[in-house]
Structures are given as C-alpha cells and as structure tokens.
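> Build me a model from this:
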Amino acid sequence: MTDKTDNFFNKIDISADQIKKEYGVDLYLFLDAVSLGLRDDEIADLIGYDLEKVKKVRKRLGNVSSEIGINYKKNLPE
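All right, here's what the predicted structure looks like:
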C-alpha cells in the first residue's frame, strides 16, 4: 500500500461504526464503490442510499476518491 493511502486513513480518524451511527451507511460498502471510481449519483443508485447522504459521507471522509485503492480495508479502525 502506498504512503498516500496510509496518510489518508491517518487523516480521517473515523471508524466504520461512527459512519454507520451518524449516517446509517455501511462504510465498507461505500468505500468499495468509491474505490471503483463511481460518482456520487452512481453510488446512490447502486447501493440504495439517498444522493445527499452519499455526498455528506464523502465530505465527512475528506472528499475521498478512488485513489484509496482496493486495499483500504486493512487500515480501517474497527
């Protein structure tokens, strides 16, 4: 995994439980969609979340993008 990705997860300092509690969103599912490079509207359609909720979660995560890659799960706090 790259240093860029490691720095990203150190920066957000949030857990999957926090996101679930605050937004009712499965963070792992959300990040899977983001890592594939999907737009917010595509994520909303694909996993059934309201578009505004998807935008709020992405903003809460520091406007996370597909640059996180597919190995992000190993570094997320429980």
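> Flag every buried residue along the host helix or strand of residue 34.
Take DSSP states H and E as the rule and residue 34 turns out to sit in helix 27-35. For helix 27-35, a neighbour-count test (16 or more other C-beta atoms under 10 Å) marks 27, 30, 31, 32, 33, 34, 35 as buried. C-beta coordinates here come from the backbone N, C-alpha and C atoms, glycine included.
> Let's have those residues in CSV, adding distance to residue 62.
Compiled in CSV, the buried residues of helix 27-35 are given as follows (distance: C-beta to C-beta, whole Å):
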residue, distance to residue 62
27, 13
30, 13
31, 12
32, 18
33, 16
34, 12
35, 15
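> how much space is there between the residue nearest to the spatial centre of the chain and residue 25?
Nearest residue to the geometric centre of the chain (C-alpha atoms, centre = their mean): residue 31, 3.6 Å. According to C-beta to C-beta, to the nearest Å, residue 31 and residue 25 sit 10 Å apart.
> Ok, residue 63 next?
Taking C-beta to C-beta, one finds residue 63 at 16 Å from residue 25.
> and if you look at residue 14?
12 Å.
> higher neighbour count, the two?
Neighbour comparison, residue 14 and residue 25: the larger count goes to residue 25, with 21 against 16 (by other C-beta atoms under 10 Å).
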